[in-house]
Every structure is written in structure tokens, then in C-alpha cells.
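S.K.: okay, predicted coordinates and the sequence, questions at the end:
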Amino acid sequence: MAKLVYEIVQHDGGWAYKVNDTFSETFPTHNHALQAAETAAAEQRVAGSTDGIQYEDAEGRWHDELAKGDDRPDTEVSD
């Protein structure tokens, strides 16, 4: 699995963290965004339970998969 990088960026008149093309909520300060990114990155590494998931792909087809609870990504915060 690829590493998830939480990048701290200016966004909507404040600061946010961004993973790929997805932005977090906007925070009033750089430090608030950094703290939120560090928390989110740490939570992504926590193992959970193995569970079944369903999702719809871009063509409208549904898929059933088993999501392993210990299959967690590496994370990093880029400031």
C-alpha cells in the first residue's frame, strides 16, 4: 500500500491538510492544521477489525470485499 502524505496548505482563507486531492476542513492557524493532520495520520495507522465492505465503482457496479483490519497504510505529515 502506498504511503499517505498529509500536506499542510493554505486553503479557503486559513490552513488545511491535504491528502492527494482531498482537503480537510479549514483551520484558523497553521498550527491547528498541523495538529489535526498529525492526529489524522496517527489514527490511520491504528488497526481495526476485519470486516466486509461494499462499494460502487465509477461504472455503477457494486463490489463486495473483505477489508483486513490490520492492513493499515504508512502515513507522514509534510509541513
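M.R.: Cool, the structure landed.
S.K.: if K18 is in a bridge, with which residues?
M.R.: Beta-bridge partners recorded for K18 (DSSP bridges): E7, F23.
S.K.: how close does it sit to D64?
M.R.: Per Cβ to Cβ, to the nearest Å, K18 is found 31 Å from D64. Placement of C-beta: from N, CA and C, glycine included.
S.K.: neighbour-wise, which of those two wins?
M.R.: Neighbour comparison, K18 and D64: the larger count goes to K18, with 17 against 8 (by other Cβ atoms under 10 Å).
S.K.: contacts only, for that one.
M.R.: 6-7, 9, 11, 24 (Cβ atoms under 8 Å, 6 or more residues apart in numbering).
S.K.: what segments of the chain are helices?
M.R.: 30-44 (DSSP state H).
S.K.: tell me which residue lies nearest the centroid of it.
M.R.: The residue lying closest to the centre of the chain (Cα atoms, centre = their mean) is V19, at 6.0 Å.
S.K.: isn't that residue up against I8?
M.R.: No. V19 is beyond contact range of I8, at 11.2 Å (criterion: Cβ atoms under 8 Å).
S.K.: burial of E38, as a residue count?
M.R.: For E38, using other Cβ under 10 Å, the count is 16.
S.K.: just the pLDDT for the closest residue to it other than its chain neighbours.
M.R.: Spatially, and ignoring its direct neighbours in sequence, E38 is nearest to V77 (5.5 Å; Cβ to Cβ, 6 or more residues apart in numbering). V77 is assigned a predicted lDDT (pLDDT) of 97.
S.K.: what sits against V77?
M.R.: V77 neighbours (Cβ under 8 Å, 6+ apart): 5-6, 8, 17, 34, 37-38, 41.
S.K.: ok, G14 next?
M.R.: G14 neighbours (Cβ under 8 Å, 6+ apart): 26-29, 33.
S.K.: show me what it is bridged to.
M.R.: Judged by DSSP bridges, the bridge partners of G14 are H11.
S.K.: now the contacts of K18: which count as buried?
M.R.: For the contacts of K18, a burial check counting by 16 or more other Cβ atoms under 10 Å picks out 6-7, 11, 24.
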